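Participant: with the sequence up front, the predicted model follows.
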Amino acid sequence: MIRSRACPTCGTMQEFRRLDDKERAAVRAAKGDRHFVNDLWRCTAVGCLTYFRAGNLGDRDLLPETFRKEEAAAEE
């Protein structure tokens, strides 16, 4: 499932997808075990780590830098 939204980091309209299991685990580790992670969406632009809660762009944050490095390695 993909959503088109304005990405505050990219400054343009981008497609967002739901976080995968590894990304959700990283958010939960950073925010705590009680943090609900099942409705988080990530920008699909290359190098962007922005994610937000569905329907609430104000509730956003960045994934850890390791995800940017993994993404770059996957492209090679």
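Facilitator: Arrived safely.
Participant: CA only for contacts and neighbour counts going forward, please
Facilitator: Fine.
Participant: all helices for this structure, in order.
Facilitator: 21-31, 66-75 (DSSP state H).
Participant: do you know which of these lies nearest T12?
Facilitator: For T12, the closest of the helices of the chain is helix 66-75, at 19.0 Å, according to CA to CA.
Participant: mean confidence for the closest one?
Facilitator: What helix 66-75 shows for mean pLDDT is 72.
Participant: then stretch 44-62?
Facilitator: Averaged over stretch 44-62, pLDDT sits at 87.
Participant: now do it: everything it contacts.
Facilitator: Here stretch 44-62 makes contact (CA atoms under 8 Å, 6 or more residues apart in numbering) with 7, 9-10, 14-17, 39-43, 63-65, 67-68, 71-72.
Participant: filter the residues you listed to the buried ones?
Facilitator: For the contacts of stretch 44-62, a burial check counting by 16 or more other CA atoms under 10 Å picks out 7, 14-16, 40-43, 63, 67.
Participant: which ones among the residues you listed lie within strands?
Facilitator: By the criterion of DSSP state E, membership of the buried ones among the contacts of stretch 44-62 in strands covers 14-16, 40-43.
Participant: follow-up on the earlier one: so can I have TSV of the helices of the chain showing distance to A54?
Facilitator: Shown next, in TSV, are the helices of the chain (distance: least, CA to CA, whole Å):
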stretch	distance to A54
helix 21-31	14
helix 66-75	21
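Participant: out of those helices, which one sits most buried?
Facilitator: Counting by mean count of other CA atoms under 10 Å, helix 21-31 has the highest mean neighbour count of these, with a mean of 15.
Participant: so which bits of stretch 42-53 are buried?
Facilitator: Result for stretch 42-53 [16+ other CA under 10 Å]: buried residues 42-45, 48-53.
Participant: list the contacts for the closest residue to E23 other than its chain neighbours?
Facilitator: In space, and not counting its chain neighbours, E23 is closest to L63: 7.4 Å by CA to CA, 6 or more residues apart in numbering. By CA under 8 Å, 6+ apart, the residues touching L63 are 23, 26-27, 49-51.
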